[in-house]
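Student: Got a sequence here, can you model it:
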Amino acid sequence: MLPENTVSEIRRFLEQVVRMDSALFGEVYRASVDSFPTRDATRHLATLSAADSSWLDKRVADTIRPLLRDREWPSLAVKSSVASLVRGTSRAIVRRDRLTAEQYDAWMGGFRRVGVRVPPHPSEVDGGGS
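Tutor: Alright, predicted model coming up:
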């Protein structure tokens with residue numbers, strides 16, 4: 001099972017996701033398209049155990065299901081990518097110790113740009129970042 005501090009970080013992230021409107025998701029989507037090569041190359045680094053993956057996937061699904069149903073979306077591309085954006089970013093939060101600061105920012109950058117607070121990369125905590 002994930003450490004309690006990581007569970008709390010994921011919950012805080014998802015609480016912010018719930019408050020995002022579809023226009024903000026559009027901005028995150030555009031940032032994700034720009035950072036796709038870096039993000040895609042790191043997917044294997046964010047692999048979780050079956051139990052952790054199941055826990056995380058359920059939390060993400062419970063969070064985004066009402067968003068997909070209750071909001072007007074700027075495009076089908078944005079709407080169809082919400083689940084993968086939130087799931088991938090959540091996994092990157094959990095496994096950020098395996099990612100470089102640049103790789104982590106490829107996942108977090110779009111959310112950070114729209115005001116979502118995400119946990120810092122270890123290099124930021126250890127004095128290696130800003």
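Student: pLDDT value on residue 26, please?
Tutor: pLDDT for residue 26: 94.
Student: same check, this time on residue 44
Tutor: At residue 44, the pLDDT value in this model is 91.
Student: Which residue lies nearest the spatial centre of this protein?
Tutor: For the chain, residue 89 is the residue whose C-alpha lies nearest the centre (Cα atoms, centre = their mean; 2.0 Å).
Student: how far away is that residue from residue 72?
Tutor: Going from residue 89 to residue 72 by Cβ to Cβ, to the nearest Å gives 23 Å. Any C-beta I mention is one placed from the backbone N, CA and C, and that applies to glycine too.
Student: same question, residue 22
Tutor: Counting by Cβ to Cβ, the gap from residue 22 to residue 72 is 6 Å.
Student: So which of the two has more stuff around it?
Tutor: residue 22 (18 against 8; other Cβ atoms under 10 Å).
Student: if I read this right, the more buried one contacts residue 78, doesn't it?
Tutor: Yes - between residue 22 and residue 78 there is a contact at 6.9 Å, judged by Cβ atoms under 8 Å.
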